[in-house]
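> just a sequence and a predicted model for now, questions to come.
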Amino acid sequence: MIQITYYGHACFEINTNGKSMLFDPFIRGNELAKDVDISKINPDYIFITHAHADHTADAVEIAKQSNATIVGMFEVCSYLKNQGAPNIHPMNIGGSWIFDGIKIKMTPAIHSSSFHDGTYGGVAGGFTVKTNDHHLYYAGDTALFSDMLLIGKNNPIDLAILPIGGNFTMDYNDAVEAAKLLNVNKVIGVHYDTFGLIKINHNEAINAFNTEKIELNLMTIGSTIKL
Ligand code: NI
Ligand code: MN
């Protein structure tokens, strides 16, 4: 069993086997997530897809309070270590590692990756997460790309967490194509509504997926689902 809690924008927590994995923490800077208290978030690991502030802003603060290990691209980890992160585990695209029984693989993404001060963050990525009973894919910020076909090829994905807001990433129509390449029928949408440029019509997004018999879940911020 896994639990997924949504903290707004592209930030969510996966709990399984007594371990907590937080992805792309950007909470205090998100007006829509103002009711989320970051002092109560205590992950074992913090996975970062790329350097942009809307994926990293609260990483060091949460890592310090929880003693979590930050996992991500080599350059991103080095930068966050310099900012005070207590523990890091650098990776790169295509690499995988088993963290407390959970296999994480870093996947490609088509996106940029630099910190707000201009520091190079390597290339952007995503993650697959293989637990006892699930295989999830979190795309990170990315355009649609045809290599998504390969991601679940030998190990089917049962849930994909995809950006749907457009402008900076694929929009929901491209995310429908992504879901088809991944061969998944369950999607959680992220990276929408936070800023004016990525506001979407929820019903239109849900209908675009439903037309292809794919379920789109637009989670309420602070809510948890069980799988
Ligand atoms: Ni980005
Ligand atoms: Mn972003």
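Yes, it's here. These numbers were taken from a predicted model, which means no experiment stands behind them. Ligands and ions are numbered 1, 2, ... in the order given.
> from here on, contacts and neighbour counts on C-alpha atoms
Will do.
> hmm, who's touching the longest helix seen in the chain?
Counting by DSSP state H, the longest helix found in the chain is helix 172-182. Helix 172-182 has contacts (Cα atoms under 8 Å, 6 or more residues apart in numbering) with 143-146, 148-153, 157, 160, 162-166, 185, 187, 205, 208-209, 212, 214.
> so which of those residues are in helices?
Using DSSP H, those in helices are M148, L149, L150, I151, A205, A208, F209.
> could I get those residues as CSV with distance to K19?
Formatted as CSV, those follow (distance: Cα to Cα, whole Å):
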residue, distance to K19
M148, 27
L149, 29
L150, 28
I151, 24
A205, 32
A208, 34
F209, 31
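> got a ChimeraX select line for the buried ones in those residues?
Burial among the ones in helices among the contacts of helix 172-182 is assessed by 16 or more other Cα atoms under 10 Å; the matching ChimeraX selection reads:
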select :148,151,205,208,209
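> out of the ones in helices among the contacts of helix 172-182, which is nearest to I88?
I151 (25.3 Å; Cα to Cα).
> from the ones in helices among the contacts of helix 172-182, pick the one nearest T220.
In terms of Cα to Cα, no member of those lies closer to T220 than A205, at 15.3 Å.
> identify the residues contacting that closest one.
Listed by Cα under 8 Å, 6+ apart, the contact set of A205 reads Y172, N173, L216.
> list buried residues within these.
Buried among these by 16+ other Cα under 10 Å: Y172, N173, L216.
> I225 sits in which helix or strand?
According to DSSP states H and E, I225 maps onto strand 224-226.
> helices and strands around that strand, which ones?
strand 3-6 (3 or more Cα pairs under 8 Å, 6 or more residues apart in numbering; DSSP states H and E).
> pull the CA atoms of stretch 182-201 into CSV?
The C-alpha coordinates for stretch 182-201 follow below in CSV (Å, rounded to 0.1, in the frame of the first residue of the first chain):
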residue,chain,number,x,y,z
LEU,A,182,3.3,5.2,-20.8
ASN,A,183,0.3,2.9,-21.2
VAL,A,184,-1.2,4.1,-17.9
ASN,A,185,-4.9,4.7,-17.1
LYS,A,186,-4.4,6.6,-13.9
VAL,A,187,-2.8,10.1,-13.8
ILE,A,188,-2.4,12.7,-11.1
GLY,A,189,-2.0,16.2,-12.6
VAL,A,190,0.5,18.6,-11.2
HIS,A,191,2.1,22.0,-12.1
TYR,A,192,-1.1,23.8,-12.9
ASP,A,193,-3.0,26.8,-11.4
THR,A,194,-0.2,28.1,-9.2
PHE,A,195,0.6,31.1,-11.4
GLY,A,196,-1.5,32.9,-14.0
LEU,A,197,0.5,31.4,-16.9
ILE,A,198,-0.5,27.8,-15.9
LYS,A,199,-4.1,28.2,-14.9
ILE,A,200,-6.3,25.6,-16.5
ASN,A,201,-10.0,24.6,-16.9
